[in-house]
Each structure stands twice: as structure tokens, then as C-alpha cells.
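**Q** Sequence below, structure please.
(one chain, ligands or ions: 3)
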Amino acid sequence: MVAEVTTWFTASPFQTDQHRPQIGCSASSSMSAQISWLAFSFIFFMFDPATLADQNDKDHDLETKRTANATKTLDLLFKSYDKRLRPKFGGRPVTVYVDLYIVDIGEISVTSMDYRMTMYFRQTWQDPRLRFSGTSQIVAQGDILNNIWIPDTYFKDEKRSNFHEITKKNYVLTFWPNGTVFFSIRISVTGVCPMKLHKYPMDCQKCQLNIMSYSYSKVDAIYIWKRGHEHSVEQATDISLPQMDLVRIKGSETTDVYSTGNYSRLSLTFTFKRRLSLFITETYLPSILIVALSWISFWINYKAAPARVALCITTVLTMITLTAAVQNSLPRVTYTKYSDWILILCLVYVFGALVEFAVINFHDSLETRKRDKLNRKLKKVDLEIGSDTGDGEPSDLKTRYLQRQLSSLREKIKSFTEQDVNVERIDSRSRILFPLTFLIINVAFWIYFVIDSARE
Ligand SMILES: *[C@@H]1O[C@H](CO)[C@@H](O)[C@H](O)[C@H]1NC(C)=O
Ligand SMILES: *[C@@H]1O[C@H](CO)[C@@H](O)[C@H](O)[C@H]1NC(C)=O
Ligand SMILES: *[C@@H]1O[C@H](CO)[C@@H](O)[C@H](O)[C@H]1NC(C)=O
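**A** Ligands and ions are numbered 1, 2, ... in the order given. Model prediction:
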């Protein structure tokens, strides 16, 4: 009422002024005078203090009456109410309609294989004992939770959950005149989610939350999604997880058979897809760079052994550290994951660079030793020829023999210098072979991963 008055008060004088040109010239002045007079008298009437006080009194009376009515209704309802027994006891099963609103989904932990979410968990059921005459629902507070039968719903795969009590217990309990009871609570659930990591980091994970009654079998209670499988679960639009994308949430209804009876169960399946970008930036790119670093040793002269060994060993150690860091962030599983294949490949390549240098060095030292031996022999033969010629009595046969030996030794030494070129060739071939094969194997791996991960 007061709101209406204020709009009248603010709008009428200005509106009449503004509309004046539209209402024809001759009648305008008398019309506006009439309207403002009407508005004035109306405002005066409305602001009459006596009328306002009357209205307040009337509202107050009505509120008191309604409060008394509701109190009486609630008292009457719970006078002979037995909260220990379910509605329709001994008769048809009570149907519990469930729907929920997911406020937030927290981190999905791979190491502990669980996830955490906060939701408004709503249940609606019919309790004929709570019918009352009246037209509107009653939203009750206080210790009413202790006075009413509530389904003993639990989450089958829950590790721990908590109820929120700030600033008061977060729940709503609404009674409708026809006996319908609506109960909504805000809870945080940490659910178990067994994960298969074969396809890590390109994996999809399915986590299930199962909702059922602890004590009532199907004979006593049946659970049903309130608005069908598809529409009973709502989620906040701003849910975003650091490592995963929530692909979809699906609801379903089933029956579990136990030795104690058949139980009605609702299940909720969350499908999460891991974002690949984290693995690429945190693990894959650094590994590739380390492997590329190990290839630099092919350009360093093989005679600079300390430089090459230091470079190769550093890359091997770094790669091992990186692999260990990735393994530590994941649970210990006995199967190989996609990430393992990539990391093992990188490790093999950095190790390969070290082995390549070892091979070159071994070749080189072997040749040096052989060359030294030949050189020594050459010197000896040289000396012998010198001593022969110096003796004055040259033996033709011996000299010719020695000279033949000398030339064969020179030949051998020459062939060794050619082999020196061979050692260099190992390096120059590695420069192309290592990056090329690494690229091909990587591409093959990724093609396989993409095809395999698409397969369900
Ligand atoms: C008070 O309760 C009676 C029934 O007990 C109902 O008929 C009546 O409309 C109620 N009055 C108000 C103001 O709600
Ligand atoms: C009870 O009343 C509420 C509100 O009017 C309505 O939504 C609900 O369908 C009714 N339940 C039954 C079983 O009639
Ligand atoms: C449970 O359901 C099975 C069939 O799914 C039925 O054979 C069995 O009798 C039921 N048990 C009870 C206790 O109702």
C-alpha cells in the first residue's frame, strides 16, 4: 500500500506536466487542474495518520491470528505423532522423491581416489499423518527435526560428510496441507571414486554417488528422482575444477539385492575428463627439452670428454628426477600408463646419447692404442734399417724385407686415420638419427594414444 502511494506521489504531478502537450491545447489546463486535485486529495486521504494506524493494527491482528493458527496446527499434528514409525506403516511403501543442486565440486584427488562436493540435498515425501486444514504451507524451524520421521537416507560410497551449521543448521522443512513434507539440507560429501589410470593423462573418470535408505527395503521405501533422470540434478554454472572438466552428470534408479532384502537405490554418475594441458606444460615439454639438450653433445668434439660426459649425465639425472616427480603425484599402480611410455622414451633417448659417447670414446681409445703400437713398431723398423745401412755390409734381403714391412705399417697407419673419420661419422649420423627417430616414435605414440583413448 505504501509503495503504491509513493509512486502516485512522485509520478502524478510530473506526469501531468509532461503529458500536457499531448492532450489538445484547449482542454489541457482544466484537465491538468482536475487531475492534480484528484491526486492531491488521494494522497491526503492515504497519508491520513488515522487510516495508516488502522491498517497496521489490522495487519498485526491478522499476523497474530495466523501465528496462533500455525502453532495450534503444529501442536495438533505432533500430539499423537510417532516419529519412530514410517508414514503409511504396514501399508504401501513410502515414496521418497529426491532432487539435488550441486553447489560446488572440489578437487578430485588421484592419490586418494576421491572427490568432494557440496550440495543441497532435497527429499520430498508424503506423510498422511501430517495433513492439516489450511491453504498455505508451513516452513518450520527449531528442534522440529527431532519430532518428525525423516527417511534414513545415506550415501553408499561416502568417506566422510558433514552438515553445515553456520549460522544455524542449514536445512529447510516445509509442510504442505495435503501431507507433503519437503526436506532440504546442505551437505558436503567426500565420495570414493576408484580410478583407472591406464590412459593417464588422457583419461576419463566416472565417479558414482549412490543414495539409498539404510533400514528400509523396497517393501517400506522407494526412492525416485523427482523430475526424472535427466532433470533432477542441477548444478551451479560456475563449477570449474583445476585439472578436470565435468562432462556430464547422469542419474539412474536401480534395486540392490542383499541378504537382508531388496533396496531401492538412486545413483548419480559424474563423468570427468582430464585436461591434457597440465601434463603437456608440466611434464611433456620439459622432458622434450631435456632430450634435445642431450643431443647438443653430438656437436661437441668427442675429444672433449669431460664436457660431453657432464652434459649427458646431467640430462639423464634430470630425466630420472622428472620421472620420479610424476610418479609421486600418482598412486602406485602395477600397469603402465600413457605418461610412463612417454617418460621411458625420453629416458631411453638421453641414455642413448650417453651410450653413443661411450661407444665413440671406446673406439677412439682402441684406435689410439693400436696406432701407438704401430708407431712403436715403425720406429723400431726405422732404427733397424738405419743400423743396417750404417754397418757398411748391407744385406740386400734383410733391407728389402724391412722396407716392405715399413710400407705395410705406413699403410695401416693411414687406414687408421681414415677410421678416425669413421668416429666422427657416428656423431654426424647421430645428429640426424636421434631427433628423427624421436620425432617419429613420438608421433606414433600420440596417434596411438588418441585412437586408444577414444575407444571406450
Ligand atoms: C485458521 O485455521 C482454520 C482451520 O483450523 C482455517 O480454516 C483458517 O482459514 C485459518 N485462518 C487463517 C487466518 O489462516
Ligand atoms: C500437495 O500440495 C503441493 C502444493 O500445493 C503440491 O505441489 C503437491 O503435488 C501436492 N501433493 C499431492 C500428493 O497432492
Ligand atoms: C529380491 O528380488 C529378487 C529378484 O530380483 C527376488 O527373487 C527376491 O525374492 C527379492 N527378495 C525379497 C526379499 O523381496
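
**Q** In the sheet, which residues pair with the residue of the chain found nearest ligand 3? Tell me.
**A** Per Cβ to the nearest ligand atom, the residue of the chain with the smallest distance to ligand 3 is residue 262, at 3.8 Å. No exception for glycine: its C-beta is placed from N, CA and C like everyone else's. When bridges are called by DSSP bridges, residue 262 pairs up with residue 257.

**Q** Need phi/psi at residue 233.
**A** Residue 233 has phi and psi values of phi -110, psi 120 when expressed as degrees, to the nearest 10.

**Q** Going forward, count from 58.
**A** Okay, using 58 as the starting number, the last item reads as residue 290.

**Q** count of neighbours near it?
**A** Each residue near residue 290 was counted by other Cβ atoms under 10 Å, and the total is 22.

**Q** And for the one 4 residues further on?
**A** Residue neighbour count, defined by other Cβ under 10 Å, stands at 6 for residue 294.

**Q** what mean pLDDT does stretch 176-183 have?
**A** Per-region confidence: stretch 176-183 scores 96 on mean pLDDT.

**Q** Could I get the contacting residues of the residue of the chain closest to ligand 3?
**A** 274-275, 312-313 (Cβ atoms under 8 Å, 6 or more residues apart in numbering).

**Q** what does residue 383 give?
**A** Listed by Cβ under 8 Å, 6+ apart, the contact set of residue 383 reads 340, 396, 400.

**Q** so where does the last one fall, helix or strand?
**A** Residue 400 is part of helix 395-448, with elements assigned from DSSP states H and E.

**Q** Show me what that helix is packed against.
**A** On a contact count with 3 or more Cβ pairs under 8 Å, 6 or more residues apart in numbering; DSSP states H and E, helix 395-448 meets helix 342-352, helix 362-385, helix 453-511.

**Q** hmm, stretch 182-201 touching ligand 1?
**A** Yes: when contact is scored as Cβ under 6 Å from any ligand atom, part of stretch 182-201 falls within range of ligand 1: 190-191.

**Q** which other residues reach that stretch?
**A** 126-127, 130-131, 133-134, 138, 144-145, 151-154, 205-206, 208, 225, 229-238.

**Q** so of those residues, which ones are in helices?
**A** Per DSSP state H, helices hold the following members of the contacts of stretch 182-201: 126-127, 130-131, 133-134.

**Q** By neighbours, which of those residues wins?
**A** residue 134 (20 neighbours).

**Q** Let me know the pLDDT of that one.
**A** What the model reports as pLDDT for residue 134 is 88.

**Q** Put together TSV for the ones in helices among the contacts of stretch 182-201, with distance to ligand 3 on each row.
**A** Compiled in TSV, those are given as follows (distance: Cβ to the nearest ligand atom, whole Å):
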residue	distance to ligand 3
126	45
127	42
130	39
131	38
133	38
134	33
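
**Q** which one of the contacts of residue 383 sits closest to residue 372?
**A** Minimum separation from residue 372 among the contacts of residue 383 (Cβ to Cβ) is found for residue 400, which lies at 13.5 Å.

**Q** so how far is ligand 1 from the residue nearest to that closest one when sequence neighbours are not counted?
**A** For residue 400, ignoring the flanking residues on the chain, the nearest one in space by Cβ to Cβ, 6 or more residues apart in numbering is residue 380 at 4.7 Å. Taking Cβ to the nearest ligand atom, to the nearest Å as the criterion, residue 380 is separated from ligand 1 by 73 Å.

**Q** Report the contact partners of the closest residue to residue 487 other than its chain neighbours.
**A** Setting aside the residues directly before and after it, residue 487 is nearest to residue 355 in space (Cβ to Cβ, 6+ apart), at 4.8 Å. Residue 355 makes contact with 410, 413, 484-485, 487-488, 491 under the criterion Cβ under 8 Å, 6+ apart.

**Q** Between which two of the residues you listed is the distance greatest?
**A** Within the contacts of residue 355, 410 and 485 form the most distant pair, 14.3 Å apart (Cβ to Cβ).
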